[in-house]
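A.B. asks: okay, structure incoming, though there's no sequence with it:
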């Protein structure tokens, strides 16, 4: 059973988590946002969804009670449940000024959802505030602009949506996603602070599970195609492999299956004709 995540919790001397108060099937208990540092100005990682007054109030309470302010907002990727809270923060907490909005480039039109301008990060760039040094690591796959942040002081990682505290993540490009998982595995983090779900202690086995899970899913997809007497639509594969998953989540599973099939097509293992998939003939 997954433990309930408090709306505000100081996790370490340099990390405070403020829950986005936006629970849902894809956001779990909500988006985790993090204040990082030990000084009067700290980084805020991610901002939750648009128009969640409770989150903005909780963030304001945290800042006021600790007599701190936001040095810069760092965004792990462009998805609305990570950038949507920017407007509320700027309108309610930063009336007298602004702070830098930092993200990796290569985003989508979602970037236009905020009027404020982004400053773009570089892979391996190090961001510093009192008590914390965050190394930017580009980890595409979930989205093209996705980053993780390595806290150098204690070898922990803010994983965004690349690795979750419970369940598995969705992705846009499986090949890129698998490479990003390997990048995280090579870092051998001691702790992972995910974009959703509880903190992951001893995360190396969890990272390996993610890689093993995707490889196992690919094997299952191939087995479906091999055993079928006719080409299959991706949703037919979903209904077999995800039969124990709630049906309203099948469209999400279908995206994952299609990403697997696209990867396999690039590798020459499967072929596709008019939306139906089948094994390539040797």
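C.D. replies: Arrived safely. Only a predicted model underlies this, so the values are computations on that prediction, with no experimental measurement involved.

A.B. asks: so who does the residue positioned nearest the centre of the chain touch?
C.D. replies: Central residue of the chain (Cα atoms, centre = their mean): residue 161, 1.2 Å from the mean position. Counting by Cβ atoms under 8 Å, 6 or more residues apart in numbering, residue 161 makes contact with 76, 77, 79, 82, 142, 143, 146, 169, 170, 194, 195, 196. Any C-beta I mention is one placed from the backbone N, CA and C, and that applies to glycine too.

A.B. asks: again, only using 10 Å
C.D. replies: 26-27, 31, 46, 76-77, 79, 81-82, 139, 141-143, 146, 148, 169-171, 194-196 (Cβ atoms under 10 Å, 6 or more residues apart in numbering).

A.B. asks: those in strands, which ones?
C.D. replies: 148, 194 (DSSP state E).

A.B. asks: just the buried members of the contacts of residue 161?
C.D. replies: Buried by 16 or more other Cβ atoms under 10 Å: 27, 31, 46, 76-77, 79, 81-82, 139, 141-143, 146, 148, 169-171, 194-196, out of these.

A.B. asks: what segments of this protein are helices?
C.D. replies: 53-66, 80-83, 86-93, 174-187, 204-227, 234-241, 250-266 (DSSP state H).

A.B. asks: remind me what the fourth one packs against, helices and strands.
C.D. replies: Other helices and strands packing on helix 174-187, by 3 or more Cβ pairs under 10 Å, 6 or more residues apart in numbering; DSSP states H and E, are strand 132-138, strand 147-151, strand 156-160, helix 204-227, helix 250-266.

A.B. asks: could you dump those to JSON lines with distance to residue 187?
C.D. replies: Output for these, formatted as JSON lines (distance: least, Cβ to Cβ, whole Å):
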{"stretch": "strand 132-138", "distance to residue 187": "8"}
{"stretch": "strand 147-151", "distance to residue 187": "6"}
{"stretch": "strand 156-160", "distance to residue 187": "7"}
{"stretch": "helix 204-227", "distance to residue 187": "9"}
{"stretch": "helix 250-266", "distance to residue 187": "24"}
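
A.B. asks: of all the ones you listed, which lies closest to residue 274?
C.D. replies: For the helices and strands packed on helix 174-187, proximity to residue 274 was assessed by Cβ to Cβ; helix 250-266 is nearest, at 13.8 Å.

A.B. asks: which segments of this structure make up each domain?
C.D. replies: Per the record, the chain has its domains at 8-202, 213-279, by automatic domain parsing.

A.B. asks: quick one: mean pLDDT for the first one?
C.D. replies: Confidence over domain 8-202 (mean pLDDT, whole number) is 92.

A.B. asks: same check on the shortest one?
C.D. replies: Taken as a whole, domain 213-279 has a mean pLDDT of 93.

A.B. asks: first to last residue in it, what's the distance?
C.D. replies: Start and end residues of domain 213-279 are separated by 21 Å (Cα to Cα, to the nearest Å).

A.B. asks: same check, this time on the first one
C.D. replies: The first and last residues of domain 8-202 sit 23 Å apart, counting by Cα to Cα.

A.B. asks: what residues of stretch 175-194 count as buried?
C.D. replies: By 16+ other Cβ under 10 Å, the buried positions in stretch 175-194 come out as 176-178, 180-181, 183-184, 187, 189, 191-194.

A.B. asks: ignore the last one, stretch 21-37
C.D. replies: By neighbour count on 16+ other Cβ under 10 Å, the buried set for stretch 21-37 is 21-22, 27-37.

A.B. asks: which residues touch residue 7?
C.D. replies: 17-21, 29-30, 54-55, 57-58, 61-62.

A.B. asks: quick check: the farthest pair among the residues you listed?
C.D. replies: So, the contacts of residue 7 by Cβ to Cβ: farthest apart are 29 and 61, at 18.8 Å.
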